[in-house]
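>>> give me a 3D structure for the following:
(chains A and B)
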Amino acid sequence: MRTWILIIVLAAGTVLLKTIGPVLAGGRQPPAPLTRVIALVAPAVISALIVTGTFTAGRHLVIDARAAGLAVGAIALWLRVPAVLAMIMAAIVCALLRFAV
Amino acid sequence: MVVMRGTPRAWPEGLRASLPLGLPVAAVGMSFGILAAPLLGGITSIVMSAVVWSGTAQFAALSILTSGGGMALAAGAALLANTRFLPMGFAIAPSMTGGPLRRFFTGAVLADASFVIGHRGGGRFDISALAWAAPVQYVAWVGGTVVGVTGASAIGDPSRWGLDVFFPVFYLSLLLPELFPEHAPGNRRPRRRLGRSDHPRLDPHRAARGAGSRRGSCRTHRTLGAASVSWAVQHRR
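Sure, this is the predicted structure:
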């Protein structure tokens, strides 16, 4: 029962956090300084997702096979390899490193 | 400021841009299913993915519960992880149209990837592309969880196959065009120095043509080429 309550709380809280901005500020033009900040939100969010997805394990910072995989993926993307292929290359390197270690 | 409120082609663009993300999202969803099923139960894990639909929050809650923490702590950690949606929601708000109900439902399907897919640079968002990017991610997330729950024993640890690196590499593929438009996949046009007279803001007709053209091959900027040029100009100064 407590698990279901947790799920309901998480679902309601997540929807609330996602919709406050669109409902309250939808269609309104923000001041120019705020616009400049908003322009940086997407790159900042993506960067944070990359870092946390690569260098964290639970609540710890780690450098493991994912970092090598990301490096390979980065080189592939820099060379304009399609994203899906770059992801597969990164996964292969990551898996081989884990297998070897 | 040119505000992009969606184009007639925005929904297939959103779907198309979202498809490559299906793979990493499904992989992460599978990881969640594998890890959550023994603790929460199969059905509960699937329902959680279906109604919460936030990997960060779900993993945060799961890690707290796994380490022996209580439900309140798990809920707090999960919602804290989701507070990033607050600035993201305010970021997309200026580009939205329609009444509060429409904006509510559009905001409700906001996800990390759709936020990136809908971003057109300079703080502008294509809301149609953002909304149409959501179905693929939702199906991939819930489907991945189902696969993880039902086939956990056969698949084993997804990280053994290196699947956990899918997510950061995919996001890197979205970040690179944001930072270096000339390094977008498939963008092989020679670089041209842009003068002030090329700035689309100074020529609304040029901006409109660019917005409707398919010439811009940068992944996140394809539909709205003029906006991406504006972004590039601003950030090379």
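>>> can you map out the helices along chain B?
Here chain B has its helices, by DSSP state H, at B:10-40, B:42-52, B:55-66, B:71-81, B:85-92, B:100-108, B:112-118, B:127-132, B:134-150, B:152-155, B:166-179, B:204-212, B:225-236.
>>> how does chain B divide into domains?
Chain B breaks down into these domains under automatic domain parsing: B:1-158, B:176-237.
>>> mind checking how far the first one is from the chain centre?
Relative to the centre of its chain, domain B:1-158 is centred 8 Å away, using C-alpha atoms, centre = their mean, to the nearest Å.
>>> quick one: mean pLDDT for it?
The average pLDDT within domain B:1-158 is 84.
>>> count the residues that sit near B:Leu179.
13 (other C-beta atoms under 10 Å in any protein chain shown). Backbone N, C-alpha and C define where each C-beta goes, glycine included.
>>> hang on, the earlier thing: out of the helices of chain B, which gets nearest to A:Leu49?
Among the helices of chain B, the nearest to A:Leu49 by C-beta to C-beta is helix B:166-179 (4.9 Å).
>>> ok and the closest one relative to helix B:55-66, angle-wise?
Taking axes from the mean of the first three to the mean of the last three C-alpha atoms, to 10 degrees, one finds helix B:166-179 and helix B:55-66 inclined to each other by 140 degrees.
>>> so for helix B:166-179, what gets flagged as buried?
B:166-178 (16 or more other C-beta atoms under 10 Å in any protein chain shown).
>>> can you spell out which helices and strands pack onto it?
On a contact count with 3 or more C-beta pairs under 8 Å, 6 or more residues apart in numbering or on different chains; DSSP states H and E, helix B:166-179 meets helix A:32-55, helix A:65-78, helix A:83-100, helix B:10-40, helix B:112-118.
>>> for the fourth one, packing partners?
By that I understand helix B:10-40. Packed next to helix B:10-40, using 3+ C-beta pairs under 8 Å, 6+ apart, are helix A:83-100, helix B:42-52, helix B:55-66, helix B:112-118, helix B:127-132, helix B:134-150, helix B:152-155, helix B:166-179.
>>> any chance of the ones you listed in TSV with distance to B:Pro100 as columns?
Below are the helices and strands packed on helix B:10-40 laid out as TSV (distance: least, C-beta to C-beta, whole Å):
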stretch	distance to B:Pro100
helix A:83-100	36
helix B:42-52	22
helix B:55-66	25
helix B:112-118	20
helix B:127-132	14
helix B:134-150	19
helix B:152-155	42
helix B:166-179	30
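>>> out of those, flag the one nearest A:Ala74.
Comparing these by C-beta to C-beta, helix B:166-179 comes nearest, at 5.9 Å.
>>> contacting residues around A:Ala91?
Neighbouring residues of A:Ala91 by C-beta atoms under 8 Å, 6 or more residues apart in numbering or on different chains: A:Gly69, B:Trp161, B:Gly162, B:Leu163, B:Val165, B:Phe166.
>>> for chain A, which residue gets nearest to chain B?
In chain A, the residue that lies nearest chain B is A:Gly21 (2.7 Å; C-beta to the nearest C-beta).
>>> tell me the SS of that residue?
Using DSSP: H, G, I helix; E, B strand; the rest coil, the structure places A:Gly21 in helix.
>>> so what's it closest to, chain neighbours aside?
Spatial nearest neighbour of A:Gly21, excluding adjacent residues (C-beta to C-beta, 6 or more residues apart in numbering or on different chains): B:Gly89 at 2.7 Å.
>>> surely A:Ile38 touches A:Ala32?
No. Look at A:Ile38 against A:Ala32 with C-beta atoms under 8 Å: they stay out of range, at 10.5 Å.
>>> thinking again about what came up before, state the number of residues packed around the residue of chain A closest to chain B.
Count around A:Gly21 with other C-beta under 10 Å applied: 23.
>>> distance of it from B:Leu86?
For A:Gly21, the distance to B:Leu86 (C-beta to C-beta, to the nearest Å) stands at 7 Å.
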